[in-house]
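Undergrad: here are the coordinates; sequence isn't available:
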């Protein structure tokens, strides 16, 4: 068993969990119950994993409250009232993170005016621009680019190929997965005369569009502001947060953003929000605190989304949403109503058949008394 190991007693104390059995048992990794060997802690969150424990060779496990560790042949166990939450702390303890050597790699390009905090690590071929401030204990992966005068908080982790634009301000314990971009220009263009898209929006397309008769040369509205991100924010791989036009795009403390998410210019996202894969928030929208956007959910521009709104996967929010709404579908409806509408849609073929049969019955004169 190579690498760093942890005793079960150490894990119990660190995670605040009840320990059963021999606290001296040591583990180096976590594993599914049926795959766990003697060096692993088996993750058995519910009674559904009981049979799988017998298939593996684990001496230790993370178990649900009320489990019988001795009955599963274990030497030690952590008992968790909420095992999945305990897994968050356990996985953080067991994850060594990316291998970024202390100090600055010789190939990194660091402007002399940049301030690098104590204990920070900067990987190969990273580029740190003028006036940049990097907090203590931050880890900057290979090929990361940080623009001029950006500020990165303490204990941040920027994985490979992350790009941070000029003048962006990012709080402590920030995590950006590979390829994330913070502070690219916003998608903001204008034509000299009202464009076809503007006309369609004004008339709802009633008059149609004379395609070739209208000048459609687009001029960029430059993004003069930046992005401000709070503490404990995470951004997934290849997600993008655009810089603001005149005031910063903002992401609040504790918000978690999945892979392939787009946050448009001038958007404000509140605290402790959850934005799942391929979600998109269009420009100048205000998203409240604790909002959840499911996978591929979308929010159109210049809206206000209240606190605690939850939008299920694939939901498109086209109108302002008051606090606490739970929405689903396109068009978005309250979730219970959307489910009923979907059930009604599935019943339509049967209804059409019944109506056709009724019409045939009446046309044959069989409906008269």
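TA: That came in fine, so what should we check first? Predicted model, so just to flag it, every value in this text is computed and none were measured.
Undergrad: low-confidence ranges in the stretch 51-200 of the chain?
TA: Of all residues in the stretch 51-200 of the chain, none has pLDDT under 70.
Undergrad: Next, the buried residues of the top helix by length along the chain.
TA: Secondary structure of the chain per DSSP state H: the longest helix is helix 335-363. Neighbour counts over helix 335-363 (16 or more other C-beta atoms under 10 Å) mark 335, 338 as buried. The way it works is simple: take the backbone N, C-alpha and C, and place the C-beta from them, glycine included.
Undergrad: Please work out which residues outside stretch 67-83 touch it.
TA: The contact list for stretch 67-83 (C-beta atoms under 8 Å, 6 or more residues apart in numbering) reads 8, 11-12, 15, 17-23, 25, 41, 43-47, 50, 53-54, 58-65, 86, 90.
Undergrad: Now, of these, which are buried?
TA: For these, buried by 16+ other C-beta under 10 Å: 8, 11-12, 15, 17, 19-21, 23, 25, 41, 43-45, 50, 53, 58-64, 86, 90.
Undergrad: taking the residues you listed one by one, which sit in helices?
TA: 8, 11-12, 15, 50, 53, 86, 90.
Undergrad: how about CSV for those residues, with distance to residue 332 added?
TA: Output for those, formatted as CSV (distance: C-beta to C-beta, whole Å):
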residue, distance to residue 332
8, 48
11, 44
12, 45
15, 39
50, 41
53, 43
86, 35
90, 37
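Undergrad: closest to residue 34 among these?
TA: Closest approach between those and residue 34, by C-beta to C-beta: residue 53, at 7.9 Å.
Undergrad: That closest one and residue 110: what is the separation?
TA: Going from residue 53 to residue 110 by C-beta to C-beta, to the nearest Å gives 50 Å.
Undergrad: swap in residue 302?
TA: Distance of residue 302 to residue 110, given as C-beta to C-beta: 40 Å.
Undergrad: now do residue 66
TA: For residue 66 relative to residue 110 (C-beta to C-beta), the value is 55 Å.
Undergrad: which helices and strands sit right next to the host helix or strand of residue 228?
TA: Applying DSSP states H and E as the criterion places residue 228 in strand 227-229. Packing partners of strand 227-229 (3 or more C-beta pairs under 8 Å, 6 or more residues apart in numbering; DSSP states H and E): strand 169-170, strand 181-184, strand 240-242, strand 249-251.
Undergrad: Can you list the low-confidence ranges for the stretch 251-369 of the chain?
TA: Applying pLDDT under 70 to the stretch 251-369 of the chain flags the ranges 366-369.
Undergrad: so where do the strands sit in it?
TA: Here the stretch 251-369 of the chain has its strands, by DSSP state E, counting those that start in this stretch, at 256-257, 262-263, 268-269, 274-275, 280-281, 286-287, 292-293, 298-299, 304-305, 310-311, 316-317, 326-328, 333-334.
Undergrad: Make a markdown table from the ones you listed and add mean neighbour count and distance to residue 344 to it.
TA: Putting the strands of the stretch 251-369 of the chain into a markdown table (neighbours: other C-beta atoms under 10 Å; distance: least, C-beta to C-beta, whole Å) gives the following:
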| stretch | mean neighbour count | distance to residue 344 |
| --- | --- | --- |
| strand 256-257 | 22 | 35 |
| strand 262-263 | 24 | 33 |
| strand 268-269 | 23 | 34 |
| strand 274-275 | 22 | 30 |
| strand 280-281 | 24 | 28 |
| strand 286-287 | 22 | 31 |
| strand 292-293 | 24 | 26 |
| strand 298-299 | 23 | 24 |
| strand 304-305 | 20 | 27 |
| strand 310-311 | 23 | 21 |
| strand 316-317 | 20 | 19 |
| strand 326-328 | 21 | 14 |
| strand 333-334 | 14 | 12 |
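Undergrad: Tabulate those (JSON lines), appending distance to residue 80.
TA: Formatted as JSON lines, the strands of the stretch 251-369 of the chain follow (distance: least, C-beta to C-beta, whole Å):
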{"stretch": "strand 256-257", "distance to residue 80": "22"}
{"stretch": "strand 262-263", "distance to residue 80": "34"}
{"stretch": "strand 268-269", "distance to residue 80": "31"}
{"stretch": "strand 274-275", "distance to residue 80": "22"}
{"stretch": "strand 280-281", "distance to residue 80": "35"}
{"stretch": "strand 286-287", "distance to residue 80": "32"}
{"stretch": "strand 292-293", "distance to residue 80": "24"}
{"stretch": "strand 298-299", "distance to residue 80": "36"}
{"stretch": "strand 304-305", "distance to residue 80": "34"}
{"stretch": "strand 310-311", "distance to residue 80": "26"}
{"stretch": "strand 316-317", "distance to residue 80": "36"}
{"stretch": "strand 326-328", "distance to residue 80": "29"}
{"stretch": "strand 333-334", "distance to residue 80": "35"}
